[in-house]
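# this is the structure alone, sequence omitted:
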Ligand code: HEM
């Protein structure tokens, strides 16, 4: 149909050289306004960090989101709103603000957001882990089942596994360092420690090989990559939907989804075969599969398995490895001396290796664990939350459905809560005067395990793994600086991360020296442990 005379005159006006540029600008402006909307409108009464169209504050946050947000909090206050693409996020950056939002408002802050890369691309076939699931009946059931399997008495029954794995790692470190002659990187030994412990208690299957084991390397690499896809700081496509249209953008996440599915199915099938043959060992997934009353579907059993494999894999080794790095430094030598004195005074008969399986009686080692969790903040921006009810903050009402990011790194270095927060000082958890007194009396020692309604349910297990490993390492070895000078960045909680935008700290490679304190005693402790765990 031909255009009317009126339409033709409008068209020629719009395409005239003087009007056309303004017309194009108006179209672009309107389009930007449409795609630039946020999931939650701007919240009145809460500081907002100025950003740019489409990206919001994504570019300004750079690689070190936790550090940049910590800097902003000096100007804008502890709690502010940012825009990451089309998402509005509340950042909490001080110890007290986290407590108010995460603990006082815990029933409102119980859900988790869905992020495109992890929830749509990486996880579509394998289900979500508990820590990435929004709050619903299924998440509640899986969390309850896993929490029961990880409660204090249950964890005590897993101590033989921790006995076996810690001994295996320390023995291999002794042999691979040629009894202390050669420096080594502790990373792989403690990655296997954490992974093999999780696999044994979930499937009754351990990593049989040394640190070069193929299954160990595959699971470690794939889980590390998945953890990057899961990070709130790594994937711009989570926030800017237009970026999802870029061809090939999903190729890597999809590749890792397939590789992850392969070993998750293999582990479950191995367990099912052992159950059928009657050769299975007691384990969490086995208990669920064999329990006729269990109300969990196959997918839910798989989700618990995924959680067990992934949850402790970066976190336990990250803490262990970075504490070992610190212990090897000059200041770390004093900490080792003090720790050994404390261990020997509690256990004058050299039975610390065995007793630590039953009790935690050396307060200085417990304090070392806490200080490590604070100082290294291995999940600097804690797993994200979504509110399910309105939350009041000062005069602002933050509507239900808003995403919240806890800047655990900034809270851990908050000098209104911790005295000299940049000093590594286990004593702050023993002597009240190194934490502000009022703060000390309020409980929560740190946010290493998060806080409130969706706090880590693996913390008893992780604490036992860390305590046992530290106590045994310190009695076995003097941990020394490497013979060759190492990268000084390894002592900085952010610079030591080789992949700064990952969810969990991924330590840069480094080496330490080891000197065996007493070869005869160490051989005896190892032999006793091997004897105790020979049927595992
Ligand atoms: C040192 C080691 C560990 C650290 C630092 C750590 C840290 C965390 C953090 C920060 C969270 C998020 C909490 C929140 O949102 O407030 C979390 C959640 C979780 N962790 Fe851990 N974790 C560790 C070990 C483990 C282990 C060994 C397991 C189990 C085998 C585990 C299981 C879980 C689960 C299931 C969740 C999700 C809870 C939920 O969403 O309801 N964690 N962890």
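In hand now; what should we look at? What you see is a predicted model; the values in this text were computed from it and never measured.

# wait, residue 102 sits on residue 407?
No. Applying CB atoms under 8 Å, one finds residue 102 not in contact with residue 407, separated by 11.6 Å. Using the backbone N, CA and C atoms, a C-beta is placed for each residue, glycine as well.

# now do the shared contacts for the two.
residue 92 (CB atoms under 8 Å, 6 or more residues apart in numbering).

# more neighbours: these two, which one.
Using other CB atoms under 10 Å, the more surrounded residue of residue 102 and residue 407 is residue 407, with 29 against 24.

# doesn't residue 69 make contact with that one?
Yes. With contacts counted by CB under 8 Å, residue 407 reaches residue 69, the gap being 5.0 Å.

# next, show the common contact partners of these two.
Contacts common to residue 407 and residue 69, judged by CB under 8 Å, 6+ apart, are 91, 93.

# tell me the spacing between residue 92 and residue 291.
Residue 92 sits 40 Å away from residue 291, going by CB to CB, to the nearest Å.

# for the two, indicate the residue with more neighbours.
The residue with more neighbours, out of residue 92 and residue 291, is residue 92; 27 against 10, by other CB under 10 Å.

# any idea how far the ligand is from that one?
12 Å (CB to the nearest ligand atom, to the nearest Å).

# check residue 80 too.
In terms of CB to the nearest ligand atom, residue 80 sits 20 Å off from the ligand.

# that residue falls within a strand, correct?
Yes. With DSSP: H, G, I helix; E, B strand; the rest coil as the criterion, residue 80 is assigned to a strand.

# quick check: pLDDT value at it.
For residue 80, the model assigns a pLDDT of 98.

# isn't it up against residue 70?
No. Applying CB under 8 Å as the test, residue 80 and residue 70 come out as separate, 11.6 Å apart.

# at the contact with the ligand, which residues of the stretch 401-536 of the chain appear?
Within reach of the ligand by CB under 6 Å from any ligand atom, the stretch 401-536 of the chain has these residues: 448-451, 454-458, 461-462.

# for the residues you listed, name the two members farthest from one another.
Spanning the widest gap among these are 451 and 461, at 18.2 Å by CB to CB.

# which of these two has more neighbours?
A count of neighbours by other CB under 10 Å puts residue 461 above the other of residue 451 and residue 461, at 27 against 22.

# who's in contact with that one?
Per CB under 8 Å, 6+ apart, neighbours of residue 461: 150, 155, 158, 197, 312.

# could you find the closest non-adjacent residue to the one residue in the stretch 301-450 of the chain that gets nearest to the ligand?
Closest approach of the stretch 301-450 of the chain to the ligand (CB to the nearest ligand atom) occurs at residue 450, with a separation of 2.0 Å. Nearest residue to residue 450 in three dimensions, chain neighbours excluded: residue 382, at 5.1 Å (CB to CB, 6 or more residues apart in numbering).

# is the one you found in contact with residue 409, as I believe?
No. Contact criterion CB under 8 Å: residue 382 and residue 409 do not qualify, at 9.4 Å.

# so what sits against both of those two?
Residues touching both residue 382 and residue 409 by CB under 8 Å, 6+ apart: none at all.

# tell me the pLDDT of the residue of the stretch 301-450 of the chain closest to the ligand.
97.

# give the helix, strand or coil label for it.
Classified using three-state DSSP, residue 450 is coil.

# tell me, how many residues neighbour it?
For residue 450, the neighbour count with other CB under 10 Å is 19.

# surely it meets residue 99?
No. If you go by CB under 8 Å, residue 450 and residue 99 don't touch, sitting 11.9 Å apart.

# look up how far residue 310 lies from residue 300.
Counting by CB to CB - residue 300 and residue 310 are separated by 16 Å.

# same question for the top helix by length along the chain, mean pLDDT?
Counting by DSSP state H, the longest helix found in the chain is helix 251-277. Helix 251-277 shows a mean pLDDT of 90.

# who does that helix touch, helix- and strand-wise?
helix 187-203, helix 214-230, helix 284-290, helix 298-311 (3 or more CB pairs under 8 Å, 6 or more residues apart in numbering; DSSP states H and E).

# quick one: distance of that helix to the chain centre.
Chain-centre distance of helix 251-277: 22 Å, with CA atoms, centre = their mean, to the nearest Å.

# not counting sequence-adjacent ones, nearest residue to residue 215?
residue 207 (6.3 Å).

# show me the contacts for the residue nearest to residue 107 when sequence neighbours are not counted.
Nearest residue to residue 107, sequence neighbours excluded (CB to CB, 6+ apart): residue 453, at 6.5 Å. Residue 453 makes contact with 106-107, 109-110, according to CB under 8 Å, 6+ apart.

# mind picking the two most distant members of those residues?
107 and 109 (7.7 Å).

# more neighbours: the two, which one.
In terms of neighbours (other CB under 10 Å), residue 109 is the more surrounded of residue 107 and residue 109; the figures are 26 against 11.

# now the more buried one. Nearest residue, chain neighbours left out?
What sits nearest to residue 109 in space, not counting adjacent residues and going by CB to CB, 6+ apart, is residue 385, at 4.9 Å.

# need the residues of the stretch 151-300 of the chain near the ligand, please.
residue 198.

# tell me the contacts of the closest residue to the ligand within the stretch 151-300 of the chain?
When scored by CB to the nearest ligand atom, the stretch 151-300 of the chain has residue 198 as its residue closest to the ligand, at 5.5 Å. Applying CB under 8 Å, 6+ apart to residue 198 gives the contacts 308-309, 311-313.

# got it, and residue 91?
By CB under 8 Å, 6+ apart, the contact list for residue 91 reads 69, 72-73, 79-82, 405, 407.

# what's the farthest-apart pair in those residues?
Farthest pair in those, by CB to CB: 81 and 407, 13.4 Å.

# wasn't residue 397 part of a strand?
Yes. Counting by three-state DSSP, residue 397 falls inside a strand.

# how many residues are close by it?
For residue 397, using other CB under 10 Å, the count is 13.

# give the contact list for it.
Counting by CB under 8 Å, 6+ apart, residue 397 touches 43, 45, 390-391.
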